[in-house]
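Asker: Okay, sequence plus prediction incoming.
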Amino acid sequence: MTGAPHPAPAATAPQADQGYVTRLTRRSHTNFYYAFLFLPRPRREAIHALYAFCRQVDDSVDASTDPEEAVRRVAFWRRELAAAYEATPTHPVTRALASHLRVYPIRERDLEDVIDGVAMDLEPRRYATWEELRVYCHRVASAVGLACIEIFGYRNARARDYAMTLGLAFQMTNILRDVRSDAVRGRIYLPADTMARHGCHDGDLRATAATEAFRSLMRAECARTRALFEEARRLLPRRDRRSLCAASIMGGIYEAILDKIDRRVDRVLVERTALSRPRKFALAAGLYLRSMAGGA
């Protein structure tokens, strides 16, 4: 059998540490939270610890206004990750994660990739091509997906390709949703060659009124991202549909956000595209029932 075993193992994290990561996950209002609700408790607690770690690493850069402090925070989480795999962490997030690492075979390399990806945001950089951007997206999103499926459980090795492709789709959706707020902060992720092809300039991403070049660029990138969601669906092994139900729910919610962006690309320049809580829960419940009915 490949990946984590299907029966959910008993929870192992100390109660105080588990409570800490669960509260952090709930407070984050992440779109992923609605997928986590449908996991058995042991796996849900493990995914809360993993999410909390990734959130803290991301916030070490995104929530810091002092570049030197951000560098120190990233270095701290590198040390804590190594300590988690040696069972000697000091932070409640990594203590909780270390407990679950005794049960779920999450590769240290994947979590190192997450930190490496976040560290790429320490200094402004441009991505000349999709292939360059894809490296960043793999580190900050696909690597997270590879860690998640070790908690969800899978039997077919193709599930790893599914997780990587779905991660790319998630991150591209985030980039399209946050295109203006990122650009205002000096972060432009969309490939320079694609922007040039559509005649779109950096100032178009920071404006509050959409240019035709901006609309053309966004529609092209929405099409690229939609193709990634479609590819992920093709890669999802039939026999793993039930165990990877949470990933399918995440995919459904994010694809709905992408659809909303595509329908009104002008709006991303003036507001954050989001789904209501009832809409997200309805999507999650429907996808859960479909996965349970169609799984092997």
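Answerer: Okay, I see it.

Asker: Could you use CA atoms for every contact and neighbour count after this?
Answerer: Fine.

Asker: packing partners for the helix ranked longest in the chain?
Answerer: When the chain is parsed with DSSP state H, its longest helix is helix 212-235. Contacts defined by 3 or more Cα pairs under 8 Å, 6 or more residues apart in numbering; DSSP states H and E place helix 212-235 against helix 159-177, helix 202-206, helix 245-263.

Asker: Pick the most deeply packed of those.
Answerer: helix 159-177 (a mean of 24; mean count of other Cα atoms under 10 Å).

Asker: which residues sit against that one?
Answerer: 134, 137-138, 140-146, 149, 189-190, 218, 221-222, 225-226, 228-229, 231-233, 235-237, 240, 251, 254-255, 257-258, 261, 268, 272-273 (Cα atoms under 8 Å, 6 or more residues apart in numbering).

Asker: quick one: that helix to helix 245-263, angle?
Answerer: 30 degrees (axes from the mean of the first three to the mean of the last three Cα atoms, to 10 degrees).

Asker: now the angle from helix 159-177 to helix 212-235?
Answerer: Using the same axes, to 10 degrees: helix 159-177 against helix 212-235 is 160 degrees.

Asker: Next secondary structure element downstream of helix 159-177?
Answerer: helix 179-184 (DSSP states H and E).

Asker: Helix or strand: which one has Leu190?
Answerer: Assigned by DSSP H and E, Leu190 belongs to no helix or strand.

Asker: Could you report the neighbour count for it?
Answerer: Neighbour count of Leu190, defined by other Cα atoms under 10 Å: 23.

Asker: Please apply the same query to Ala157.
Answerer: 12.

Asker: what helix or strand is it on?
Answerer: Counting by DSSP H and E, Ala157 is part of no helix or strand.

Asker: Quick check: it vs Met120, distance?
Answerer: 29 Å (Cα to Cα, to the nearest Å).

Asker: what's the answer for Arg234, then?
Answerer: Going from Arg234 to Met120 by Cα to Cα gives 31 Å.

Asker: Weed out the non-buried ones from the contacts of helix 159-177.
Answerer: Those of these that meet the buried threshold are 134, 137-138, 140-146, 149, 189-190, 218, 221-222, 225-226, 228-229, 231-233, 235-237, 240, 251, 254-255, 257-258, 261, 268, 273, by 16 or more other Cα atoms under 10 Å.
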